[in-house]
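Participant: Quick check, what structure comes out for this input:
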Amino acid sequence: MKHGDLTAPRNQSLVAKKQKTERQHYGANTIESRMLRENGAPGKGMHNSGFGRDHYVPVLKWKRGEYLALQELGQTEYEGITPLIEVPDTPENFDEEALPKTIQAHLSQIPDQLAASVGVRRAFIDVGAIEEESIDDVHPLEWLFDRTNESIPGLIPVTSPRRSDSHQAAVRKFQTGACVRLGIDDFSDEDNIGRVLLSLRQNLALEPRQIDIVFDLQAVDPAQTKPLRAIVRRSINEFPDRDMWRSMTIVGTGFPVDLAGVNGVEEIPRTEFYLWENLVSEKAPARIPTFGDYTASYFESAGGDPRLLTPSANIRYTLGRSWLIVKGGPIRGPWAKKYGGSDQYYSLSAKLVGLPEFMGEEFSWGDKYIARCARRQASKGNPTTWRQVAVNHHVTFVQRQVSSWISPEVGS
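Facilitator: Residues are numbered from 1 along each chain as shown. Just a heads-up that it's a prediction; the model follows:
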């Protein structure tokens, strides 16, 4: 594999070596993994064995660029995050001559991907997109548990009050507690949330100290941040057993559905960070929630036949309170040749490196790739490459940002 080439597969021996190194770093019984398995017993320095406001929860859709971005994350940065991994839906079959992909084939590579990207560390795993599927009458979450229980001991299953009985039964197998993901209609229903959570806990046979709570805001409209902030503050203050849960996180995103309205170099406000920053700074709730987001993307994946799409070259670069977008023309379709196709990434990288917002090639693996591409020392890549670059820079930046709570050294 050429240095900087992101399309070559990872060498499995390197994965095994990486896991061995992690086990040596964290200890034979692993970091939080053993602690989580011991029925969620409280650990030193953590809120009921969870994490606090200096931690970060990135929601990842588990596309190739996203799990590769985790593999290139620095050790310090990974220790400061708990990714919430969304197992994607089985891909639609747009080729009538090809056989549709089975759910088993869809899931078959995920254990190895998790082993390479997560290893012995902690991560939430959400199979909500495929929970109605089954493999020989086995729930997808249980199927994953059977193949990751030993090699990836820090996986925490995601559930919600709306999930099926078979899903909740699969959650009980993990013995690492659970992450309960609540939409705004769930957590703002003050009259019923206590009863609903009690019923769920009894079903899972778990205590609050074994459960991580996630308030999922999904899209955060700039015009709605103030009323939404008030809802979140009130919901946290009045949340049942507020201080007993293992952790409490709010996630959301201000990233648009697409970049159709962006031209050249523009900034998009990180409204979800504005909301969290103001929430914990002004009339802070009784419990400070951890910050989470959908990295540099919308909360839902784009649908449709990918063969009909004409994506434009773009680099997404996270700043303190915005995303800097450096955009070119289409890389496929009838107009691609006019703009230079994928070769545009060389000039877009050079443009970004020349801007005062660029944080230097030593900031993260993603920044180094941008700098090397600007010098034409790295492959121009493809959209997967640049998702990996964007997510790696974003997770590195935001982890440092929240761990120092908007440190001036991390950007503006």
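Participant: do you know how far the nearest residue to residue 363 once chain neighbours are set aside is from residue 278?
Facilitator: Once flanking residues are discounted, residue 363 sits nearest to residue 396: 6.9 Å by CB to CB, 6 or more residues apart in numbering. In this view, the C-beta of every residue, glycine as well, is placed from N, C-alpha and C. With distances taken as CB to CB, to the nearest Å, residue 396 is found 24 Å from residue 278.
Participant: who has more neighbours, the two?
Facilitator: Each of residue 396 and residue 278 had its neighbours counted (other CB atoms under 10 Å), and the higher figure belongs to residue 396 (27 against 15).
Participant: Pull the contacting residues for the more buried one.
Facilitator: Under the criterion of CB atoms under 8 Å, 6 or more residues apart in numbering, the contact partners of residue 396 comprise 73-74, 77, 363-366.
Participant: Most neighbours of all the residues you listed, which one?
Facilitator: residue 366 (28 neighbours).
Participant: Residue 390 is in contact with that one, correct?
Facilitator: Yes: with contact defined as CB atoms under 8 Å, residue 366 and residue 390 form a contacting pair (6.8 Å).
Participant: Show me the common contact partners of the two, please.
Facilitator: Here residue 366 and residue 390 have residue 69 as joint contacts, going by CB under 8 Å, 6+ apart.
Participant: and the residue lying closest to residue 157 once chain neighbours are set aside, how far is that from residue 50?
Facilitator: Once its chain neighbours are removed from consideration, residue 157 has its nearest residue in residue 171; the separation is 4.5 Å (CB to CB, 6+ apart). Distance, residue 171 to residue 50, using CB to CB: 17 Å.
Participant: Among the contacts of residue 396, show me the least confident.
Facilitator: In terms of pLDDT, the lowest of the contacts of residue 396 is residue 74, showing 89.
Participant: give the contact list for that one.
Facilitator: Residue 74 neighbours (CB under 8 Å, 6+ apart): 364-365, 396.
Participant: one more time with 7 Å, if that's ok
Facilitator: Contact partners of residue 74, counting by CB atoms under 7 Å, 6 or more residues apart in numbering, are residue 396.
Participant: Check residue 85 too.
Facilitator: Residue 85 makes contact with 60, 62, 123-126, according to CB under 7 Å, 6+ apart.
Participant: Can you redo those residues as CSV, where the extra columns are neighbour count and distance to residue 139?
Facilitator: Written out in CSV, the entries for the contacts of residue 85 read as follows (neighbours: other CB atoms under 10 Å; distance: CB to CB, whole Å):
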residue, neighbour count, distance to residue 139
60, 23, 22
62, 20, 18
123, 21, 19
124, 25, 17
125, 25, 13
126, 24, 13
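Participant: Just the ones of these in strands?
Facilitator: Cross-referencing those with the strands (criterion: DSSP state E) gives 60, 123-126 as the overlap.
Participant: from those residues, which single one is nearest residue 84?
Facilitator: The closest of the ones in strands among the contacts of residue 85 to residue 84 turns out to be residue 124 (CB to CB; 4.2 Å).
Participant: The closest one and residue 154 touch, don't they?
Facilitator: No: applying CB atoms under 7 Å, one finds residue 124 not in contact with residue 154, separated by 9.9 Å.
Participant: that older thread, which of the ones in strands among the contacts of residue 85 lies closest to residue 385?
Facilitator: Set against residue 385, the nearest of the ones in strands among the contacts of residue 85 by CB to CB is residue 60 (16.5 Å).
Participant: what bridges to that closest one?
Facilitator: residue 85 (DSSP bridges).
Participant: hang on, it packs against residue 87?
Facilitator: No: shown here, residue 60 and residue 87 do not form a contact pair, counting by CB under 7 Å, at 10.2 Å.
Participant: ok, back up a step: secondary structure element for the residue nearest to residue 157?
Facilitator: In this structure, residue 171 sits in helix 165-173 according to DSSP states H and E.
Participant: now what about whatever helix or strand comes next after that helix, what contacts it?
Facilitator: Secondary structure here is assigned by DSSP H and E; on that basis, the next helix or strand after helix 165-173 toward the C-terminus is strand 178-183. Taking CB under 7 Å, 6+ apart as the criterion, the residues outside strand 178-183 that touch it are 124, 126, 156-160, 171, 200, 204, 206, 211-216.
Participant: any weak-confidence spans in the protein?
Facilitator: Scanning the chain for pLDDT under 70 picks out the ranges 1-49, 93-100, 303-309, 406-412.
Participant: Kindly recompute the last result at 80.
Facilitator: Judged against pLDDT under 80, the low-scoring parts of the chain cover residues 1-49, 91-101, 302-310, 332-339, 405-412.
Participant: Spatially central residue for it, please.
Facilitator: Taking CA atoms, centre = their mean as the criterion, residue 59 is the residue nearest the geometric centre of the chain, at 2.3 Å.
Participant: Against residue 273, how distant is that residue?
Facilitator: Spatial separation of residue 59 from residue 273 under the definition CB to CB is 14 Å.
Participant: where does residue 325 fall, helix, sheet strand or coil?
Facilitator: With DSSP: H, G, I helix; E, B strand; the rest coil as the basis, the three-state label of residue 325 is strand.
Participant: how's the protein carved up into domains?
Facilitator: Following automatic domain parsing, one finds the domains of the chain at 30-91+101-260+267-302, 307-400.
Participant: Next, report how far the last one is displaced from the centre of its chain.
Facilitator: It refers to domain 307-400. The offset between the C-alpha centroid of domain 307-400 and the centroid of the whole chain comes to 19 Å, using CA atoms, centre = their mean, to the nearest Å.
Participant: try the longest one
Facilitator: Taking CA atoms, centre = their mean, one finds domain 30-91+101-260+267-302 lying 9 Å from the centre of the chain it belongs to.
Participant: residues contacting residue 67?
Facilitator: With contacts taken as CB under 7 Å, 6+ apart, residue 67 has the following neighbours: 113, 117.
Participant: could you point out which element follows the helix or strand containing it?
Facilitator: Taking DSSP H and E as the definition, one finds residue 67 inside helix 64-71. As assigned by DSSP H and E, the chain's next helix or strand after helix 64-71 is helix 75-79.
Participant: Kindly export that next one (C-alpha atoms) in CSV.
Facilitator: Backbone C-alpha positions of helix 75-79 (Å, rounded to 0.1, in the frame of the first residue of the first chain) are rendered in CSV as follows:
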residue,chain,number,x,y,z
GLN,A,75,-4.4,7.7,21.3
THR,A,76,-5.1,10.7,23.5
GLU,A,77,-8.1,11.8,21.3
TYR,A,78,-9.6,8.3,21.3
GLU,A,79,-9.4,8.1,25.1
